[in-house]
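> sequence and predicted structure are below.
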Amino acid sequence: MAIVLGLPKGSLQESTFALFKRAGFNVSCSSRSYIPSIDDEDIKCRLLRPQEMSRYVELGLLDAGICGFDWVYENGSDVHEVCELSYSKATSNPVRWVLAVPNDSRIKTVKDLNGKRISTEAIGLTKRYLKEHGVKADVEFSWGATEVKAPELVDAIVDLTETGSSLRANNLRIVDTILTSTTRLIANRKSWKNAAKRAKLEQLKMLLTGALEAQRQVLLKCNAPAKSLAKVVKVLPALHAPTVNRLNDPEWHAIETVVEERKVRDLIPDLIKAGATGIIEVPLNKIIF
């Protein structure tokens with residue numbers, strides 16, 4: 001039984017297709033099509049804006065979908081969260097919905113927004129935030145280019161940021177972070193209870209999270225003489241323990257282990273000092289625990 005899976009159109013589209021590629025699925029779509037092809041007969045893909053994904057999943061028009069937690073929260077959608085997928089447009093860091101104002105604005109806290117005008121794409125999120133702080137302000141929907149509306153059109157904005165560069169470029173400063181969000185694989189509750197569909201979704205979860213984990217890790221291989229083996233192994237971190245095999249020459253051993261890529265630059269000099277040679281760094285596609 002095929003599942004109907006919603007994939008995000010827009011800023012997340014390219015990184016999502018790349019993630020599926022690393023997970024073992026080839027997804028492609030022409031620039032004008034909203035029905036991507038995928039080399040898995042048990043999956044039918046649909047391309048939708050993340051803002052509306054959770055609503056269609058909740059209604060059962062999609063069995064599952066990929067979108068940010070922020071839009072599940074914004075829509076108040078009753079869906080099953082299959083897993084968190086820690087990736088976004090530019091980095092693997094969470095994105096943030098922030099309250100921002102011009103650098104020279106007198107607004108310092110949310111309390112200063114009483115009677116002010118705020119522009120945002122996330123109306124529900126913003127209104128809930130203001131209500132929690134007992135603030136009454138005029139919240140208007142933004143159709144885009146939200147950053148350029150303050151201060152000429154509005155007093156403040158609530159916008160999504162990943163690195164903060166767009167806010168800085170538009171001379172805006174952050175007053176408060178309203179919500180931190182990551183990408184999620186969500187499912188319709190009825191579909192999740194269907195054994196065949198659930199099995200497929202759990203396979204997706206395993207492969208997608210495995211691909212994300214591998215993105216941060218590399219396979220490190222090296223050789224070491226018997227006299228230096230203990231020192232080299234002591235230097236190396238590992239998921240469990242480094243793999244050690246004796247070479248054809250009994251005085252030499254081959255060692256391999258999985259390590260965080262960011263640590264490799266510091267590990268290599270230490271490995272050389274410990275007596276390792278022939279060091280090789282190999283990228284990985286998936287790590288399944």
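Yep, it's here. Numbers count the residues shown, from 1 in each chain.
> need the next SSE after the helix or strand bottoming out on mean pLDDT in the chain, C-terminal direction.
Here the helix or strand of the chain ranked lowest by mean pLDDT, DSSP states H and E is helix 165-169, holding a mean of 90. Next helix or strand after helix 165-169 toward the C-terminus (DSSP states H and E): strand 172-181.
> may I have that next one as PDB, with CA atoms only?
C-alpha atoms of strand 172-181 as PDB (Å, rounded to 0.1, in the frame of the first residue of the first chain):
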ATOM      1  CA  LEU A 172      16.900  45.100  12.500                       C
ATOM      2  CA  ARG A 173      17.700  43.800  16.000                       C
ATOM      3  CA  ILE A 174      16.100  40.900  17.800                       C
ATOM      4  CA  VAL A 175      14.000  41.700  20.800                       C
ATOM      5  CA  ASP A 176      12.900  38.100  21.700                       C
ATOM      6  CA  THR A 177      12.900  34.600  20.300                       C
ATOM      7  CA  ILE A 178       9.300  33.400  20.200                       C
ATOM      8  CA  LEU A 179       9.700  29.800  18.900                       C
ATOM      9  CA  THR A 180      12.600  27.600  18.000                       C
ATOM     10  CA  SER A 181      11.800  25.000  15.300                       C
END
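> got a list of contacts for the least confident helix or strand of the chain?
Helix 165-169 is contacted from outside by 98, 100, 147, 159, 161, 173-174, using Cβ atoms under 8 Å, 6 or more residues apart in numbering. In short, each C-beta sits where N, CA and C put it, glycine included.
> please check the residues you listed and keep the buried ones.
98, 100, 147, 159, 161, 173 (16 or more other Cβ atoms under 10 Å).
> tell me which stretches of this protein form helices.
Secondary structure of the chain by DSSP state H: the helices cover 13-23, 50-59, 69-75, 123-132, 165-169, 189-193, 195-215, 229-235, 264-274.
> how about TSV for the ones you listed, with mean neighbour count added?
TSV is the format used below for these (neighbours: other Cβ atoms under 10 Å):
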stretch	mean neighbour count
helix 13-23	18
helix 50-59	21
helix 69-75	21
helix 123-132	17
helix 165-169	13
helix 189-193	15
helix 195-215	18
helix 229-235	16
helix 264-274	14
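> which one of those lies closest to residue 5?
Among the helices of the chain, the nearest to residue 5 by Cβ to Cβ is helix 195-215 (7.8 Å).
> need the CA coordinates for that closest one. CSV is fine.
This file holds the C-alpha atoms of helix 195-215, laid out as CSV (Å, rounded to 0.1, in the frame of the first residue of the first chain):
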residue,chain,number,x,y,z
ALA,A,195,0.4,-1.5,9.7
ALA,A,196,1.6,-1.3,6.1
LYS,A,197,1.9,2.5,6.0
ARG,A,198,3.5,2.6,9.4
ALA,A,199,6.1,0.1,8.4
LYS,A,200,7.0,2.3,5.4
LEU,A,201,7.1,5.4,7.5
GLU,A,202,9.4,3.7,10.0
GLN,A,203,11.7,2.7,7.1
LEU,A,204,11.8,6.4,6.0
LYS,A,205,12.5,7.5,9.6
MET,A,206,15.4,5.0,9.9
LEU,A,207,17.0,5.9,6.5
LEU,A,208,16.5,9.7,6.8
THR,A,209,17.8,10.0,10.3
GLY,A,210,20.7,7.7,9.3
ALA,A,211,21.6,10.0,6.5
LEU,A,212,21.6,13.0,8.7
GLU,A,213,23.7,11.3,11.3
ALA,A,214,26.2,10.3,8.6
GLN,A,215,26.4,13.9,7.4
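> that helix packs against which elements?
Where contact means 3 or more Cβ pairs under 8 Å, 6 or more residues apart in numbering; DSSP states H and E, helix 195-215 is packed against strand 3-8, helix 13-23, strand 80-85, strand 183-187, helix 189-193.
> need these in TSV with mean pLDDT and distance to residue 121, can you?
As requested, those are arranged in TSV below (pLDDT from 0 to 100; distance: least, Cβ to Cβ, whole Å):
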stretch	mean pLDDT	distance to residue 121
strand 3-8	97	15
helix 13-23	93	18
strand 80-85	96	22
strand 183-187	97	17
helix 189-193	98	27
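> let's have those in TSV, adding distance to residue 54.
Putting the helices and strands packed on helix 195-215 into TSV (distance: least, Cβ to Cβ, whole Å) gives the following:
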stretch	distance to residue 54
strand 3-8	9
helix 13-23	16
strand 80-85	10
strand 183-187	6
helix 189-193	12
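> per-residue confidence for the residue minimising distance to the centre of the chain?
The chain has residue 87 as the residue nearest its centroid, 1.7 Å off, counting by Cα atoms, centre = their mean. With respect to pLDDT, residue 87 scores 82.
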